[in-house]
Structures are given as structure tokens and as C-alpha cells.
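Student: Any chance you can model this:
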Amino acid sequence: MNCALAIQTLPKVETNEEIVRVVDEVIKYIDSTGLNYTVSPFETVVEGDLDEIMEIIKKSQIIAVKAGAPQVSTYIKLVYSPSEHILTTDEKISKYRD
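Tutor: Coordinates of the predicted model:
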């Protein structure tokens, strides 16, 4: 793993129920990649290699539109290091979990 992504997908749809439905489709796709990920109320964090992460960013847009969003805004935070250790989600927050 040389990359970590925090991705927030905001589909432009009419209702909160539709937002949740479309975002659930994106999360379902992320789950299908087999990469380590953590869902939180505002974003999903995914860990993997740069090429895998970039593909997730791209496909998340396509999936949201196919799920019915005529437009989608996506906010990302990305950490990449080809040679240094990147802190995993567990390393960052395990002390806060029960």
C-alpha cells in the first residue's frame, strides 16, 4: 500500500433517500475492490496502491451517474508515497475504538 484516499461523493439528487441510495452504490463498488476501507458519516477512506485508488476515484463518478445522479461532486484527500510508509487507518485511529 502506497496510497490512502478519503472520498466524499455528493450526488445531485432530489431527496436524502436518493443521496443515501446513490452513495450506497458507490460504497458497494468500493467493497467489491477488496481493498481495505472504512465508512464514516462524511467520507469513506480507502487504502491501496496509487493505480487502484485512481481507478476508484474515476469509477465512483460513473457509478453515481449510472445510479441516477445527473451530476456528482466529489471531494478527495489523497496521500501518496512510493517509498515511505503511509499510516494505515488502524494506525491512526485504533486507540479510539472500543
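
Student: From now on I want contacts and neighbour counts done on CA atoms only, so please keep to that.
Tutor: Noted.

Student: any idea how far the residue nearest to Gly48 when sequence neighbours are not counted lies from Ser81?
Tutor: Leaving aside its sequence neighbours, Gly48 sits nearest to Met1 (Cα to Cα, 6 or more residues apart in numbering; 4.7 Å). Counting by Cα to Cα, to the nearest Å, the gap from Met1 to Ser81 is 9 Å.

Student: cool, and Asp98?
Tutor: With Cα to Cα as the criterion, Asp98 and Ser81 are 30 Å apart.

Student: the more surrounded of these two?
Tutor: The residue with more neighbours, out of Asp98 and Ser81, is Ser81; 13 against 4, by other Cα atoms under 10 Å.

Student: what's the neighbour count on the closest residue in space to the more buried one that isn't next to it in sequence?
Tutor: Excluding the flanking residues, the one nearest Ser81 by Cα to Cα, 6+ apart is Asn2, at 5.4 Å. Close neighbours of Asn2, defined as other Cα under 10 Å, add up to 19.

Student: Contacts only, for Asn2.
Tutor: By Cα atoms under 8 Å, 6 or more residues apart in numbering, the contact set of Asn2 is Glu47, Gly48, Asp49, Leu50, Tyr80, Ser81, Pro82, Ser83, Glu84, His85, Ile86.

Student: Show me the helices in the chain, by range?
Tutor: 16-32, 50-66, 89-93 (DSSP state H).

Student: Same list (these) but as a markdown table, adding mean neighbour count and mean pLDDT.
Tutor: Shown next, in a markdown table, are the helices of the chain (neighbours: other Cα atoms under 10 Å; pLDDT from 0 to 100):
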| stretch | mean neighbour count | mean pLDDT |
| --- | --- | --- |
| helix 16-32 | 16 | 97 |
| helix 50-66 | 17 | 98 |
| helix 89-93 | 11 | 92 |
